[in-house]
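Below: sequence and its predicted model.
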Amino acid sequence: MDNTYISRVAQEDFKDARRKAFFSELLDTLRRRPNELLSFDDVRMRLNIRAQRYLGHQTVPLANIVGSEGRYSDFDRQFLPRTDAIRNRWSNIDRAMIQSVALPPIELYKIGDVYFVRDGNHRVSVARQQGALFIDAFVTEMVVDVPLEADLSVRDLMLKEEYSDFLEWTDLAELRPDQRIEFSEPGGYLQLVRHINAHRYYMGLERDEEVPRDEAVGDWYDSVYLPIVQVIREQGVLRAFPGRTEADLYLWIMDHRWFTRERIGYDPGPTDATTDYVAQFGRRSLGAAVGDAFRSALSRLRLVPLS
């Protein structure tokens, strides 16, 4: 292929990528999905980085690259170009790839299961436009305690920040490595801290001595949090609360357990408190209530004599 033809193809590829970027933004807006790339600096500042290590040369899934260190405003979440200002650079990379010119591996930061481009944003964009699924990269990992997945959004990042702070305060990731406590809305971790402080206080009263924080955190997790979560799993409670998490349900059930104890004079325990909460507030119980109301209204209509 001659250079003029290849240059024309590269220019058309860029126009096609820009058209896709327009429709992608429109579709993501309608579906309320994140369309923007994440800023690496923003993510790094929000999370507690426990360590940094060089992983060397790796082959990385392009779909897991969700952000950039410095060019996050030039591309959308699919790494499609958001501005004509990068046309020449983008087309030059595309032309080189069409001619099978060997390009150096890109450089990435890894946090959790996602990656951020340190160098090579245009190569990622062109590779995705050409239908590639993987790319070679030199990877440096930032070690964190909270999980990050490829569908991470700016809103999710706020929750991850709270989760990261909670783990730093409690050291629960070290005390119970299998833990995973995630909320669907902000504010839940602060309530967990209050639960832990109250649990530590009552442990101290029972022993008549101060309880070390690590011991109180571990005991709260084992004897208070996990029993509720185990009942939630055994009873399939999340099916009755779509879009919610085990941690959401834990807080609601604990409140319900407290009010129930105030009403009946004794602690109903995790199983009865969970069962009663689901019966009163679960989706199926609300659906049943609506069904009962409809049937009741229908029966009343049948009792009205026809004129």
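Cool, the structure landed. Numbering: from 1, shown residues only.

quick one, strands of the chain?
Along the chain, counting by DSSP state E, strands occupy 38-39, 51-61, 65-68, 106-111, 114-119, 134-143.

TSV please, covering those strands and showing mean neighbour count.
The way it works is simple: take the backbone N, C-alpha and C, and place the C-beta from them, glycine included. Putting the strands of the chain into TSV (neighbours: other CB atoms under 10 Å) gives the following:
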stretch	mean neighbour count
strand 38-39	20
strand 51-61	11
strand 65-68	26
strand 106-111	22
strand 114-119	23
strand 134-143	18
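
which stretch among these comes nearest residue 157?
When the strands of the chain are compared for distance to residue 157 using CB to CB, the nearest one is strand 38-39, at 7.1 Å.

now for that closest one, which elements pack on it?
strand 65-68 (3 or more CB pairs under 8 Å, 6 or more residues apart in numbering; DSSP states H and E).

Let me know the average pLDDT across the strand it packs on.
Averaged across strand 65-68, the pLDDT comes to 96.

now for that strand, which elements pack on it?
Right, strand 65-68 is packed against strand 38-39, helix 40-46, strand 114-119 by 3+ CB pairs under 8 Å, 6+ apart.

mind redoing it with 6 Å?
Contacts defined by 3 or more CB pairs under 6 Å, 6 or more residues apart in numbering; DSSP states H and E place strand 65-68 against strand 114-119.

Give the pairing partners of the strand it packs on; include direction for each.
Sheet pairing for strand 114-119, assigned by DSSP bridges, gives strand 65-68 (parallel), strand 106-111 (antiparallel).

what about these, which gets the closest to residue 153?
Among the strands paired with strand 114-119, strand 65-68 comes nearest to residue 153, with 9.4 Å by CB to CB.

Ends of stretch 175-194, what's the gap?
Terminal residues of stretch 175-194 lie 18 Å apart, using CA to CA, to the nearest Å.

mind listing what's buried in it?
176, 181, 182, 183, 188, 189, 192 (16 or more other CB atoms under 10 Å).

Need the nearest residue in space to residue 66, chain neighbours excluded.
residue 114 (4.7 Å; CB to CB, 6 or more residues apart in numbering).

Could you give the bridge partners of the one you found?
Beta bridges link residue 114 to residue 111, judged by DSSP bridges.

Now do it, the pLDDT please.
96.

shouldn't it be in contact with residue 148?
Yes - between residue 114 and residue 148 there is a contact under CB atoms under 6 Å: 5.0 Å.
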